[in-house]
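Q: Pasting the sequence and the predicted model now:
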Amino acid sequence: MRRILALIFITTAVFAQNLIDTYRFEGVNSLIKQIEKTIQSKDYWLKRIKNDDVKFGYFQSPHFILFCNKRAKTLQVFAYKDGKLNEVAMFSNIIVGKLGDKEKEGDLKTPIGVYTLINKIKPSNTFYGPLAFVTSYPNLFDKVHHKDGYGIWIHGKPLDGERGDVSKGCIVLNNDEILRLDRLINYKKTTLEITEYPLFARKEDVAQILATLYKWRYAWKNSDIKKYISFYDKDFQRSNGMNLKEFIAYKKRVFRNKRGKKVEIYFKNIKIVPYQNIKNLPIYEITFHEDYISPGYEFHGYKEIYMIKRGDKFKILIEK
């Protein structure tokens with residue numbers, strides 16, 4: 001009952017009143033059905049994010065965004081909180097690798113994509129300056145597309161002299177700038193978007209993705225295999241190498257075992273980011289904390305998927 005009441009209060013006042021009336025006149029089961037229907041509605045999410053700035057993505061908790069334009073040689077720093085986006089710094093004339101997307105080790109290109117900062121280090125080699133942020137390249141999208149290489153950092157310049165304007169693929173700032181960046185951000189709550197021709201999020205897309213996520217979740221928790229697989233793209237690949245055909249066969253076995261059993265699935269801390277890519281395809285990276293609870297099995301942890309827009313629908317292209 002406490003969970004039901006909590007769901008009421010997190011909705012808007014109009015929706016809350018409707019839900020209360022549903023509970024008064026039809027009981028808890030009808031209330032749950034009404035909530036499920038509501039969160040699967042694009043219109044609901046459009047109203048929910050009406051005043052949010054989602055240009056660089058949708059974030060449910062305070063976040064920092066680093067937006068690197070390789071062609072313009074700029075790195076913008078944004079703080080995102082409660083739907084508001086504020087630019088806190090702009091670094092110009094940064095050093096980046098060659099134009100084009102990184103494909104393999106040694107091509108001297110800075111990758112195009114969306115990454116997290118996974119560590120902050122003081123380099124043992126003074127060539128990299130006083131500080132470096134280690135990025136998540138290659139990420140899941142890169143690995144599925146067979147890109148290799150490693151060691152893509154945001155770092156400073158040599159402590160013992162100038163290095164010119166050459167980069168082996170990293171993002172290079174002046175030493176005072178890398179130290180300032182460290183003061184501005186919490187690297188553990190930062191997303192790095194690297195592009196040449198910027199791809200920005202559309203509010204309609206974000207709302208549709210949120211609605212699609214909850215439609216997908218509903219089919220999943222109810223073991224509706226036909227509906228569930230309709231959310232997957234023809235070019236789908238799973239992180240373990242499964243293609244769509246193999247994945248469907250696997251899920252059919254899982255769903256048969258779950259049929260008639262109670263399954264609960266919850267998504268928290270959802271992040272939706274326009275995935276920068278060389279072809280500017282309408283792809284979004286979606287990450288969240290997932291709680292999956294069923295008889296005999298539970299999962300509590302990080303979930304990562306990529307969706308692509310096909311016509312008027314979003315389909316799951318990659319999943320981990």
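A: Nice, I can see it.

Q: quick one, domains of the protein?
A: 1-39, 58-195, 201-319 (automatic domain parsing).

Q: With mean pLDDT as added columns, please give those in JSON lines.
A: Compiled in JSON lines, the domains of the chain are given as follows (pLDDT from 0 to 100):
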{"stretch": "domain 1-39", "mean pLDDT": "63"}
{"stretch": "domain 58-195", "mean pLDDT": "95"}
{"stretch": "domain 201-319", "mean pLDDT": "96"}
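
Q: Select, out of those domains, the one closest to residue 45.
A: Residue 45 lies closest to domain 201-319 among those, at 3.8 Å (CB to CB). (Each C-beta comes from the backbone N, C-alpha and C, glycine too.)

Q: which residue ranges form the strands in the stretch 101-250 of the chain?
A: In the stretch 101-250 of the chain, the strands defined using DSSP state E, counting those that start in this stretch lie at 113-121, 132-135, 153-155, 171-172, 190-195, 232-238.

Q: Adding distance to residue 98 and mean neighbour count, write those strands out as a markdown table.
A: Shown next, in a markdown table, are the strands of the stretch 101-250 of the chain (distance: least, CB to CB, whole Å; neighbours: other CB atoms under 10 Å):
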| stretch | distance to residue 98 | mean neighbour count |
| --- | --- | --- |
| strand 113-121 | 15 | 19 |
| strand 132-135 | 17 | 22 |
| strand 153-155 | 16 | 24 |
| strand 171-172 | 13 | 25 |
| strand 190-195 | 13 | 23 |
| strand 232-238 | 27 | 17 |
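
Q: of those, which approaches residue 83 most closely?
A: strand 190-195 (15.8 Å).

Q: For the closest one, name the packing helices and strands.
A: strand 63-69, strand 113-121, strand 264-274 (3 or more CB pairs under 8 Å, 6 or more residues apart in numbering; DSSP states H and E).

Q: Out of those strands, flag the one nearest residue 40.
A: Checking those against residue 40 by CB to CB gives strand 264-274 as the closest, at 12.7 Å.
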